[in-house]
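Asks: this one's structure only:
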């Protein structure tokens, strides 16, 4: 019980990225070795941990804390989309990676964010990218669903 | 009490630590809730075969089976399109908010599946099918728009306006001085313009028209605090209005005009 109380008292939400940490701004935002010109937008903290676990991304993050959902009545205001835009406007990011899930809600949020970012003239030079959809490494074609195969074919790369 | 049906997932919410309450829009039983032991979310908007069981019909009951109708997976590649996810999220939101629990609408269910098929086309005819699906939704909610003939003169040609009170089409001549108070009827719904020449402005007018009546139903039926259509519907409308032109290569499927399901 003590541990839980200490955790609830000690864990803070990072004012800059929405991550949970013992300090705010969090360790990722304060780390001088991180590339402050690349922002990765993720749906929740579990996604941030997954990317950190992979150890392949060295930029900073923004945790949305959910996705837009017409079904749950979660619109851009509830999700705090303006905060993402504020952060982009107040920093010098050169690239934004939209690392949202390839689900209906994740993709809706990705396209909505893209629309909003592209509508601001101050941000028109920012490179916008999303994670590739396709065959998982070690996967086999005959086990894949049609949607993934079609996406993989569309996003194929030259050898 | 037990039945099998097919359905589309509308929403999921957690129940206790290891259960979920899934709400499906089923073909023959309407919007229906049930408990499931599944902890993972189901893909949306996939088509499922369902089996629901409860001791009494009025119980919440549970989903005994939830199987993907298409074992090969849904061709969800349209999710990468910049406009299609808004349309799908918007129509699912409308279903979720406007359809009554356990009120079957088989035509609407079939219409939705037809709309999902139009998403696989490479042109923009799916936008017209979306508007048509909203017209069908209005019809199923008891607010059928009569766009076939003029409410005043019975003329079937040159219909260009719709009464915001009755939802019936009128010609500009018959409307006379009332014309400014009426809603514009886009040419493709009044069969005025050739289908291949539909402009984004006309498509936006179509969305305005259905949106006006859907909003009316929203205002009447929803609890206070929820007074507008899903935000994503507005985002979809604004996306359509920003298109430079509509590429219509295949005949758009007018879902609201399709034969009624038995």
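Replies: Yep, it's here. These figures come from a predicted structure and were not determined experimentally. Numbering: from 1, shown residues only, chains lettered A, B, ... in the order given.
Asks: now the helices: where do they sit in chain A?
Replies: A:2-10, A:27-30, A:45-54, A:76-79, A:81-90, A:104-118, A:146-154 (DSSP state H).
Asks: work out the gap between the third one and the centre of the chain.
Replies: Pointing back at helix A:45-54 there. Between the centre of helix A:45-54 and the centre of its chain there are 10 Å (CA atoms, centre = their mean, to the nearest Å).
Asks: residue B:207: what's it in contact with?
Replies: B:131, B:134, B:233, B:236-237, B:240 (CB atoms under 8 Å, 6 or more residues apart in numbering or on different chains). The C-beta positions use only the backbone N, C-alpha and C, and glycine is treated the same way.
Asks: repeat that with 7 Å
Replies: B:131, B:237, B:240 (CB atoms under 7 Å, 6 or more residues apart in numbering or on different chains).
Asks: among the residues you listed, name the buried ones.
Replies: In terms of neighbour count (16 or more other CB atoms under 10 Å in any protein chain shown), the buried residues within the contacts of residue B:207 are B:131, B:237, B:240.
Asks: mark which of the residues you listed are part of helices, please.
Replies: Short answer: those in helices (DSSP H) are B:131, B:237, B:240.
Asks: export the residues you listed to CSV and tack on pLDDT and distance to residue A:151?
Replies: CSV is the format used below for those (pLDDT from 0 to 100; distance: CB to CB, whole Å):
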residue, pLDDT, distance to residue A:151
B:131, 94, 27
B:237, 95, 27
B:240, 95, 24
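Asks: closest to residue B:20 among these?
Replies: residue B:237 (32.3 Å; CB to CB).
Asks: so the closest one touches residue B:203, yeah?
Replies: No - using CB atoms under 7 Å, residue B:237 is not in contact with residue B:203; the gap is 8.9 Å.
Asks: the strands in chain B, which residues?
Replies: B:2-15, B:19-26, B:30-36, B:47-53, B:62-68, B:159-162, B:169-171, B:183-184 (DSSP state E).
Asks: look up phi and psi at residue A:68.
Replies: For residue A:68, the backbone dihedrals (degrees, to the nearest 10) come out as phi -70, psi 140.
Asks: and the pLDDT for it?
Replies: pLDDT, residue A:68: 89.
Asks: got the contact list for it?
Replies: Counted by CB under 7 Å, 6+ apart, residue A:68 has contacts A:74-76, A:79, A:105, A:108-109, A:112, B:232.
Asks: need those residues in CSV with pLDDT, neighbour count and distance to residue B:126, can you?
Replies: Shown next, in CSV, are those (pLDDT from 0 to 100; neighbours: other CB atoms under 10 Å in any protein chain shown; distance: CB to CB, whole Å):
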residue, pLDDT, neighbour count, distance to residue B:126
A:74, 81, 18, 25
A:75, 82, 18, 24
A:76, 85, 18, 24
A:79, 87, 19, 26
A:105, 91, 23, 20
A:108, 93, 26, 16
A:109, 94, 28, 21
A:112, 94, 24, 19
B:232, 87, 30, 16
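Asks: touching, residue A:35 and residue A:61? I think so.
Replies: No - Residue A:35 lies out of contact with residue A:61 (CB under 7 Å); the separation is 11.5 Å.
Asks: the two: which has the busier surroundings?
Replies: Neighbours were counted for residue A:35 and for residue A:61 using other CB atoms under 10 Å in any protein chain shown; residue A:61 has more, 26 against 14.
Asks: up against chain A, what does the stretch 101-250 of chain B have?
Replies: B:226, B:230-232, B:235 (CB under 7 Å from any CB of the partner chain).
Asks: what about residue B:68, distance to chain A?
Replies: 9 Å (CB to the nearest CB, to the nearest Å).
Asks: touching, that residue and residue B:45? I think so.
Replies: No - with contact defined as CB under 7 Å, residue B:68 and residue B:45 do not form a contacting pair (12.0 Å).
Asks: the two: which is more packed in?
Replies: residue B:45 (20 against 15).
Asks: pLDDT weak spots in the chain?
Replies: Went with chain A since none was named. Applying pLDDT under 70 to chain A flags no residue at all.
Asks: that's the other chain; I wanted chain B
Replies: For chain B, counting by pLDDT under 70, the residues that fall below are B:72-75, B:191-194, B:196, B:221-228, B:259-262.
Asks: hmm, who's touching stretch B:182-189?
Replies: Applying CB under 7 Å, 6+ apart, the contact partners of stretch B:182-189 are B:128, B:147, B:159-164, B:169-170, B:175, B:193, B:195, B:198, B:202, B:205-206, B:209, B:212.
Asks: check stretch A:28-37 too.
Replies: With CB under 7 Å, 6+ apart, stretch A:28-37 has contacts from A:14, A:16-17, A:19, A:58-61, A:92-95.
Asks: which single residue in chain A comes nearest to chain B?
Replies: residue A:145 (2.2 Å; CB to the nearest CB).
Asks: what about that residue, how many residues nearby?
Replies: 18.
Asks: what's across from residue A:98 in the sheet?
Replies: As for beta bridges, residue A:98 partners with residue A:41, residue A:130 under DSSP bridges.
Asks: distance of it relative to residue A:135?
Replies: 20 Å (CB to CB, to the nearest Å).
Asks: looking at those two now, which is surrounded by more residues?
Replies: The neighbour count for residue A:98 versus residue A:135, taken as other CB under 10 Å, is higher for residue A:98 (21 against 16).
Asks: wait, isn't the more buried one in contact with residue A:130?
Replies: Yes - if you go by CB under 7 Å, residue A:98 and residue A:130 touch, sitting 4.5 Å apart.
Asks: identify the contacts common to those two.
Replies: residue A:110.
Asks: give me the distance between the nearest residue to residue B:19 once chain neighbours are set aside and residue A:152.
Replies: What sits nearest to residue B:19 in space, not counting adjacent residues and going by CB to CB, 6 or more residues apart in numbering or on different chains, is residue B:35, at 5.5 Å. Going from residue B:35 to residue A:152 by CB to CB gives 36 Å.
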